[in-house]
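[1] Have a look at this prediction, sequence included:
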Amino acid sequence: MTALLSIDDVSKRFGAVTAVDRLSLDIMENEFFALLGASGSGKTTLLRMLAGFETPDAGAIHLDGADISRVPPNRRPVNLMFQSYALFPHMTVEGNIAYGLEMERLPRSEIASRVAEIMEITELAPMARRKPDQLSGGQRQRVALARALVKRPRLLLLDEPLGALDKKLRAAMQLELKRLQHEVGITFIVVTHDQEEALVMADRVAILKDGRLLQCGTPHEVYEHPANRFAADFIGVMNFIEEGGRTLAVRPERLHLFPDRADRTVEGRVTARAYHGLDLQLHVATPLSPKPLLVRLTANAADRRPVAEGDIVTLGWNEADTRHFND
Amino acid sequence: MADRSPATRRSLAALLVAVFAFLYIPIVTLVALSFNEGGMPTAWTGFSVKWYSALMANRDILSAAINTLIVAVISTAIAAVLGTLLALGIETRRRKGRALEALVFAPMIIPDIVLAIALLSFFSLLKVPMGLHTIILSHVVFNLAFVSAVVRARLKSFDWSVTEASADLGAPAFTTFRRVTLPLILPAVIAGALLAFTLSVDEFIIAFFTAGAGRASTTLPMQIFAMIRFGVTPEINALATLVMIVSVTALTLSQRLNKGVLAP
């Protein structure tokens, strides 16, 4: 399978700062891809290069085999959904969505039917004649999405698409975006700093740090087999145990209280206990690390082995569930 | 506030009334006298609009009024276009714009008399024959500064991501300007233009210096100045009232528009 988008050894500097540093990535057709990184990781600069607002200093970006590195934004079959949404405040919802099609000089009837269709999919039809300032945050987000999708781009870029929404709406929209992507069959690249969002939505995740690619893989790969200590720490929660110059990493949910079924065990004292409904989280102080180990027990396991703060427990885990890093 | 004695409060209120009286009694008197039938400032002999009719019959005043409108409309139109472009240029190139910024504001700060002498010397040096066209050019100089100041104030809070969105959706640069940037800053452009218009309508010094010799390029303020040498006539009161109405209307509109712009 050939890549839809191929980012080849791309660098971008702003003065003394190297925002993107010799980065290479291939993104496949119909993929839901996430660029994950903290602020300053270069993810937004990379996105802006894909949209055409920045030009790479070195390297090339190919879309469908053609070099688009120097093609201006208005001539790329790529659309961007802005973090701020950037809706046109003087146009109605309908006007905002139709704008991109008018730029393609399509016949009026086709514009009308495509706008109507996308407003149906994104459930915006009832507010077609409203202005952006008469919409809620969630509705504005959908207008921004519809405005980009209606162009049927080869590639849709989404800059922190759910960043401005509240937590509950965000969780619902994560699945909604995924469903939409499936429905329209367009390749999505999402930029996010929220690792949970990346894991939930994306087919593949690329972790960026200081303009470099740390790791790229499926959510399962990056979660279970982090390439290095930073990736392990950045995605999810990780316990680190220093052992003979090496670092051993184990996820809180891989620690348990049934030592008879474990390759390794350690005794410790429960220093804190937090009930989350879905699970029970314990801090267990052990001689293995200066910080207490975090343990997540499922509701089931917690019922079978009740623990209280101050209890001495024996933690167990399996070698197969640990990762080793040499830093 | 609360610890001020009633006496202090009373005297402050009296001061306020005195200041406002000082500001507005002359203007109210002027307007009242323009409707005084007898025309004498000493006695009110009845309401009449005859001085306004006399105004309409005065060829000198009419031609001066037309000249003023020509100067104000043309110089405002030129300044609106150039001032808007200038404001956009400065705001989109902020880092290099510092020195440019100061240069743009200069005509607002330099005393009119200095600007007038400078422009007169400039036109003489280049041997440009003077007339309405030189007044227009001179008015463009300061109108440009006011338009660009108003437009720039609007651009400070402008969300430039909408212009990127427009490009992203396939619009070439000029289409983005026409369909997105201009409609969003238009209230500020009109507000700036109205402000420029009022300044141009009652501008005297610069027009006086750059009008040249002939009567053909006399503007309204110059005409009033010429008439006043023979004393303040009721006709002048009527004329001044009309000029004031035009200015106040334009300024009020300008401020209304600007408020609309500044509201989120």
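    Now that the structure is in, tell me what you want to look at. Residues are numbered from 1 along each chain as shown, chains lettered A, B, ... in the order given.
[2] low pLDDT regions in the chain?
    Picked chain A for this. For chain A, residues meeting the criterion pLDDT under 70 lie at A:1, A:327.
[3] right idea, wrong chain: chain B
    For chain B, the stretches with pLDDT under 70 are B:1-2, B:94-98, B:259-264.
[4] got the residues of it near chain A?
    Within reach of chain A by Cβ under 8 Å from any Cβ of the partner chain, chain B has these residues: B:159, B:161-162, B:164-172, B:175, B:179-180, B:183-184. Where you see a C-beta, it was placed from the backbone N, CA and C, and this is true even at glycine.
[5] May I see the PyMOL selection of the buried members of those residues?
    A single PyMOL command selects the buried members of the residues of chain B next to chain A (16 or more other Cβ atoms under 10 Å in any protein chain shown):
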select buried, chain B and resi 161+162+164+165+166+167+168+169+170+171+175+179+180+184
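[6] just checking, which of the residues of chain B next to chain A belong to strands?
    Among the residues of chain B next to chain A, none falls in strands (DSSP state E).
[7] Which ones among the residues of chain B next to chain A map onto helices?
    Secondary structure assignment by DSSP state H places B:Ser161, B:Val162, B:Glu164, B:Ala165, B:Ser166, B:Ala167, B:Asp168, B:Thr175, B:Pro183, B:Leu184 of the residues of chain B next to chain A in helices.
[8] Identify the farthest-apart pair in those.
    Farthest-apart pair in those is B:Asp168 and B:Pro183; separation 18.1 Å (Cβ to Cβ).
[9] quick one, what contacts residue 27?
    Reading this off chain A. The neighbours of A:Ile27, taking Cβ atoms under 8 Å, 6 or more residues apart in numbering or on different chains as the test, are A:Ala3, A:Leu4, A:Leu5, A:Ser6, A:Ile7, A:Phe33, A:Leu155, A:Thr187, A:Ile189.
[10] actually it's chain B I care about, not the one you picked
    B:Met244.
[11] so it is in which element?
    Here B:Ile27, judged by DSSP states H and E, is contained in helix B:6-34.
[12] For A:Met119, which non-adjacent residue is closest in space?
    Once flanking residues are discounted, A:Met119 sits nearest to A:Ala125: 4.6 Å by Cβ to Cβ, 6 or more residues apart in numbering or on different chains.
[13] which is the next helix or strand following the helix holding B:Ile27?
    Sequence-wise, the next helix or strand downstream of helix B:6-34 (DSSP H and E) is helix B:50-57.
[14] Give the other helices and strands that that next one contacts.
    Packing partners of helix B:50-57 (3 or more Cβ pairs under 8 Å, 6 or more residues apart in numbering or on different chains; DSSP states H and E): helix B:234-262.
[15] Buried ones in the helix it packs on, by neighbour count?
    Judged by neighbour count using 16+ other Cβ under 10 Å, the buried positions of helix B:234-262 are B:234-243, B:246-247, B:250-251, B:253-254, B:257-258, B:261.
[16] do stretch A:273-284 as well
    The neighbour-count check on stretch A:273-284 (16+ other Cβ under 10 Å) flags A:Arg273, A:Asp279, A:Leu280, A:Gln281, A:Leu282, A:His283, A:Val284 as buried.
[17] need the residues of chain A near chain B, please.
    Counting by Cβ under 8 Å from any Cβ, chain A sits next to chain B at A:51-53, A:72-75, A:79-80, A:82, A:84, A:86-90, A:99-100, A:103-104, A:147-148, A:151.
[18] Can you flag the buried ones in these?
    Buried members of the residues of chain A next to chain B, counted by 16+ other Cβ under 10 Å: A:51-52, A:73-74, A:79-80, A:82, A:86-88, A:99-100, A:103, A:147-148, A:151.
[19] Okay, and which of these map to strands?
    The members of those that map onto strands under DSSP E are A:Asn79, A:Leu80.
[20] Out of the buried ones among the residues of chain A next to chain B, which comes closest to B:Leu62?
    Using Cβ to Cβ, these come closest to B:Leu62 at A:Phe88, 46.6 Å.
[21] pretty sure that closest one is touching A:Gly95, no?
    Yes: counting by Cβ atoms under 8 Å, A:Phe88 touches A:Gly95, with 7.1 Å between them.
[22] Could you state which residue of chain A sits nearest its centroid?
    For chain A, A:Ala198 is the residue whose C-alpha lies nearest the centre (Cα atoms, centre = their mean; 2.5 Å).
[23] how would you label that one: helix, strand or coil?
    When classified by DSSP: H, G, I helix; E, B strand; the rest coil, A:Ala198 comes out as helix.
[24] What are the neighbouring residues in contact with it?
    Contacts of A:Ala198 (Cβ under 8 Å, 6+ apart): A:Ala34, A:Leu36, A:Val190, A:Thr192, A:Val205, A:Pro219.
[25] redo that, cut-off 10 Å
    By Cβ atoms under 10 Å, 6 or more residues apart in numbering or on different chains, A:Ala198 lies in contact with A:33-37, A:174, A:190-192, A:204-207, A:219, A:222, A:235.
[26] could you measure it against chain B, distance?
    Remark: distance between A:Ala198 and chain B (Cβ to the nearest Cβ, to the nearest Å) = 23 Å.
[27] can you pull the contacts of residue 68?
    Let's take chain A. By Cβ under 10 Å, 6+ apart, the contact set of A:Ile68 is A:5, A:49-50, A:52, A:60-62, A:75-78, A:154-155.
[28] I was thinking of chain B, sorry if that wasn't clear
    B:Thr68 neighbours (Cβ under 10 Å, 6+ apart): B:132, B:135, B:200-203, B:207, B:218-223, B:243, B:246.
[29] what about the strands in the stretch 51-200 of chain B?
    With DSSP state E, counting those that start in this stretch as the criterion, the stretch 51-200 of chain B has no strands.
[30] mind listing the helices for it?
    Ranges of helices in the stretch 51-200 of chain B, per DSSP state H, counting those that start in this stretch, are B:59-92, B:98-109, B:112-125, B:132-156, B:161-168, B:173-176, B:182-201.
[31] So the residue nearest in space to the middle of chain B versus chain A, what's the distance?
    Ranked by distance to the mean C-alpha position of chain B (Cα atoms, centre = their mean), the top residue is B:Leu199 at 2.0 Å. With distances taken as Cβ to the nearest Cβ, B:Leu199 is found 29 Å from chain A.
[32] surely that residue meets B:Ala72?
    Yes: assessed by Cβ atoms under 10 Å, B:Leu199 is found in contact with B:Ala72 at 8.7 Å.
[33] which residues sit in contact with the closest residue in space to A:Leu280 that isn't next to it in sequence?
    Excluding its sequence neighbours, the residue lying closest to A:Leu280 (Cβ to Cβ, 6+ apart) is A:Ala302, at 4.1 Å. Residues in contact with A:Ala302 (Cβ under 10 Å, 6+ apart) are A:Leu257, A:Arg273, A:Tyr275, A:Asp279, A:Leu280, A:Gln281, A:Leu282, A:Arg296.
[34] from those, which two are the most distant?
    Across the contacts of A:Ala302 (Cβ to Cβ), the longest gap, 15.5 Å, separates A:Leu257 and A:Tyr275.
[35] Run a quick check on A:Ala308 versus A:Tyr275, I expect a contact.
    No: at 11.7 Å, A:Ala308 and A:Tyr275 do not qualify as touching, with contact defined as Cβ under 10 Å.
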